[in-house]
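*Asks:* Predicted structure and sequence below. I'll ask about it afterward.
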Amino acid sequence: MRSFRRFALIALAAFLLLWIFLPSSGVSVPDGSVLVLELSGSYAEISQPSFVGRLLGDRRRPFVSLLSELEKARRDDRLSAVLLRIRRVDMSWGMAQELRTAIDALEDAGRRTVAYLEVGGLGANREYYIASAAQQLIASPGTQSPVIGLSMEFLFFGGLWEKIGAGFEAIGSGEYKSAAETIAGTEMSAAHREMATALLDSTFEQFVAGIALGRSLDEKRVRELVDRAPVTPTELLDVGLIDSVLGYQDALQSLGEGREAILGTDYAGVDPASVGFDPVGRIALVYGSGTVTMGKGTSSPTGDLLFTSDTVSKALEQAASDESIDAIVFRIDSPGGSPLASDIIWAAAKRAREGGKPLVASVSGMAASGGYYALCGADVVVAPPASLVGSIGVFVVRPVVGELLEKLGIGHASLERGTHADLLDFTQPLDDYGRARLLEEIDSLYDLFVARVAGGRGLSAEAVDRVGRGRVWTGAQAQEKGLVDELGGLRVATRRAKELAGLDPDDDVELVVYPPPRSLTEQLAEALQMAQANAGAGLSLPRALARLESFGRLLPPGRPQLVAPFTLEIQ
């Protein structure tokens, strides 16, 4: 009986998997149709959402799938227009810029592009930035205050630890390595402020320039409008930030009476071959998303994306040894993590290149610290102008909990063997010798990091140090500093990979994801882990706190880390 129930469960899961993920077939697209694509929710650099993750509520969407649908629409002459129904989206500024490029490509191919902005509440800068790339921008009557300017928010937890009798000792290799400052400090340092200001200025300039180009406005005028922050749709219309205010059905009707509206969920079933897609080569797409850590897998039991040493190294090696693969695109969206895991992945990428396969790194939202370490040896590094790149530096955050234990009435005893064993005792601060010893380890790792970047980028160690010391740059700034070769997204990276592989830049290629999808059995095992880890959680943390909590679970305290600052999100 138990075997039958197990079989029934597996059969039901397999049926649900097919029902959820297989596209519909036989989609009819009459000439003059309008494709309606909804942009909403969270987008991530993943091949496909995990089956069990979907069952447990994971609603992240593969960003590459969105790009693929837009590319298919660009080629589909049966479409007269593409309507982008834009609601709240959770994606990086780099992704937003890739979307704008894809929208421009639709227009170049003769598709009419219309953005329907449907966002409520205060501030929708990213959503409006995407929408402004369309030829026509319609707002719903309920849309309010989409453009209010960009901001960054920083939290410093040092005072909290003092109040509860705990503390953290932070030791870093560069004055800009502010992740340690976030955990152990009480205020923003001058170097941290300098870096954050430069990042915000660069992103804001790109934000203003994109809106000015899309809306045919002068950049000075856009800055004035951002400062004015028009609230109602009528005000937005009066100042030229939108073209009209309509309900959704009326917006559809405005595209032409009698035109067939094809929903994106149905359009996913259109065979790319039917719109002329004819691949002559194959390019491996290897993902490196999330915290860099040792081990296997692509996500933690709680659903956090992981950039693991064993899984990604194996994917790079498999792609390099596959004779049908012409080149490799290494797609990175990572704030960093373990130095050892970063070096293992870097070595795997180096072996892949030495095997004769061109390797192009494609930054998505972020390739910082250990994330940049992993890709710095690529033949070419491509990044969107607003992505975050660099953070070449190392830090250690070491907890000190002796006073907290005393306040809680918890006794403590420590037995040690070896002169330096007290480095592992988190009840007392380090003495001068222990601090110097730990700094030696940090400096050694920093020198190795600098050497890896210098060798991969063709720069001197001195030049890398000048742009290093933990400092994060936007993609545009990173190109000027020699850390990035070309600005752009996945399309640009794929074009460069084709060129390096000896293919024509205009040739169609098939993107083959490595590692391949996991088996249903593996996904069901993951489901049990996720269910156990999430049982009774129910706690919604602010973004900065959630990221700090995530890193606290994944990265061991007291050990060197290659991690970008925790609160670099620009809203």
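*Replies:* Done, it's in.
*Asks:* burial of Leu213, as a residue count?
*Replies:* By the criterion of other Cβ atoms under 10 Å, Leu213 has 15 neighbours. Where you see a C-beta, it was placed from the backbone N, CA and C, and this is true even at glycine.
*Asks:* quick one: which helix or strand includes it?
*Replies:* helix 190-215 (DSSP states H and E).
*Asks:* do the same with Ile332
*Replies:* strand 327-337.
*Asks:* That strand pairs with which strands?
*Replies:* strand 281-293 (parallel), strand 359-368 (parallel), strand 562-563 (antiparallel) (DSSP bridges).
*Asks:* And Arg85, how far from Asp425?
*Replies:* Taking Cβ to Cβ, to the nearest Å as the measure, Arg85 and Asp425 are separated by 57 Å.
*Asks:* And the two? Which one has more around it.
*Replies:* Arg85 (21 against 15).
*Asks:* what's near enough to touch the more buried one?
*Replies:* The neighbours of Arg85, taking Cβ atoms under 8 Å, 6 or more residues apart in numbering as the test, are Val36, Leu37, Glu38, Leu39, Ser40, Tyr116, Glu118, Tyr248.
*Asks:* Ok, Leu99 next?
*Replies:* Contacts of Leu99 (Cβ under 8 Å, 6+ apart): Leu39, Leu66, Leu67, Leu70, Ile130, Ala133.
*Asks:* Pick out whichever of the residues you listed sits closest to Val147.
*Replies:* Distance ranking of the contacts of Leu99 against Val147, using Cβ to Cβ, places Ile130 first at 12.3 Å.
*Asks:* Let's verify that closest one: helix, strand, or coil?
*Replies:* Following DSSP: H, G, I helix; E, B strand; the rest coil, Ile130 is assigned to helix.
*Asks:* same deal with Leu35?
*Replies:* strand.
*Asks:* Please apply the same query to Val450.
*Replies:* helix.
*Asks:* which non-adjacent residue is nearest it?
*Replies:* Val464 (4.8 Å; Cβ to Cβ, 6 or more residues apart in numbering).
*Asks:* how does the protein divide into domains?
*Replies:* 28-148+229-275, 281-394+432-522 (automatic domain parsing).
*Asks:* Single out the most deeply packed of the ones you listed.
*Replies:* Compared across the domains of the chain, domain 281-394+432-522 shows the largest average neighbour count, a mean of 21 (mean count of other Cβ atoms under 10 Å).
*Asks:* you'd agree Lys350 is up against Gly377?
*Replies:* Yes: Lys350 is in contact with Gly377 according to Cβ atoms under 8 Å; the separation is 5.2 Å.
*Asks:* rewinding a little: and the strands paired with strand 327-337 as TSV, adding mean pLDDT and distance to Gly337?
*Replies:* Shown next, in TSV, are the strands paired with strand 327-337 (pLDDT from 0 to 100; distance: least, Cβ to Cβ, whole Å):
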stretch	mean pLDDT	distance to Gly337
strand 281-293	95	3
strand 359-368	97	10
strand 562-563	66	6
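*Asks:* Can you tell me which of these is nearest to Lys177?
*Replies:* strand 562-563 (8.5 Å).
*Asks:* ok, back up a step: could I get the strands paired with strand 327-337 as JSON lines with distance to His192?
*Replies:* Output for the strands paired with strand 327-337, formatted as JSON lines (distance: least, Cβ to Cβ, whole Å):
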{"stretch": "strand 281-293", "distance to His192": "21"}
{"stretch": "strand 359-368", "distance to His192": "14"}
{"stretch": "strand 562-563", "distance to His192": "14"}
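*Asks:* For the helix holding Leu213, buried residues please.
*Replies:* Using 16 or more other Cβ atoms under 10 Å as the test for burial, helix 190-215 gives 191-192, 195-196, 199-200, 202-208, 210-212, 214-215.
*Asks:* Over to stretch 214-224?
*Replies:* Gly214, Arg215, Leu217, Val222, Arg223.
*Asks:* before we move on, the earlier item: how much distance is there from whatever helix or strand comes next after the strand holding Ile332 to the middle of the chain?
*Replies:* Per DSSP H and E, the first helix or strand lying C-terminal to strand 327-337 is helix 339-354. Centroid separation for helix 339-354 versus its chain: 20 Å, with Cα atoms, centre = their mean, to the nearest Å.
*Asks:* can you tell me the average pLDDT over helix 339-354?
*Replies:* For helix 339-354, mean pLDDT is 95.
*Asks:* Stretch 510-519 now?
*Replies:* Here stretch 510-519 scores 81 as its mean pLDDT.
*Asks:* ok, which stretches of the stretch 51-200 of the chain are strands?
*Replies:* Secondary structure of the stretch 51-200 of the chain by DSSP state E, counting those that start in this stretch: the strands cover 61-62, 79-90, 112-117, 136-139, 167-172.
*Asks:* out of those, nearest to Asp271?
*Replies:* Going by Cβ to Cβ, the one of these nearest Asp271 is strand 79-90, 15.0 Å.
*Asks:* Just give the strands next to that closest one in its sheet, each with its orientation.
*Replies:* When DSSP bridges is applied, strand 79-90 pairs with strand 33-44 (parallel), strand 112-117 (parallel).
*Asks:* returning to that earlier point: format the domains of the chain as CSV; extra columns: distance to Glu187.
*Replies:* Shown next, in CSV, are those (distance: least, Cβ to Cβ, whole Å):
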stretch, distance to Glu187
domain 28-148+229-275, 26
domain 281-394+432-522, 17
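*Asks:* ok now do the spatially closest residue to Leu263 that is not a sequence neighbour, which residues does it touch?
*Replies:* The shortest distance from Leu263 to any non-neighbouring residue, by Cβ to Cβ, 6+ apart, is to Val36 (5.5 Å). By Cβ under 8 Å, 6+ apart, the contact list for Val36 reads Leu83, Arg85, Leu252, Ala261, Ile262, Leu263, Gly264.
*Asks:* how about a cut-off of 6 Å?
*Replies:* Leu83, Ala261, Leu263 (Cβ atoms under 6 Å, 6 or more residues apart in numbering).
*Asks:* quick one on the thing from earlier: export the strands of the stretch 51-200 of the chain to TSV and append columns for distance to Glu257 and mean pLDDT.
*Replies:* Shown next, in TSV, are the strands of the stretch 51-200 of the chain (distance: least, Cβ to Cβ, whole Å; pLDDT from 0 to 100):
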stretch	distance to Glu257	mean pLDDT
strand 61-62	32	92
strand 79-90	12	96
strand 112-117	15	97
strand 136-139	17	96
strand 167-172	64	76
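*Asks:* Those: which one's closest to Gly240?
*Replies:* Using Cβ to Cβ, the strands of the stretch 51-200 of the chain put strand 136-139 closest to Gly240, at 9.9 Å.
*Asks:* what does the closest one rub up against?
*Replies:* Val114, Ala115, Tyr116, Leu117, Ala131, Pro233, Ile242, Asp243, Ser244, Val245, Leu246, Ala251.
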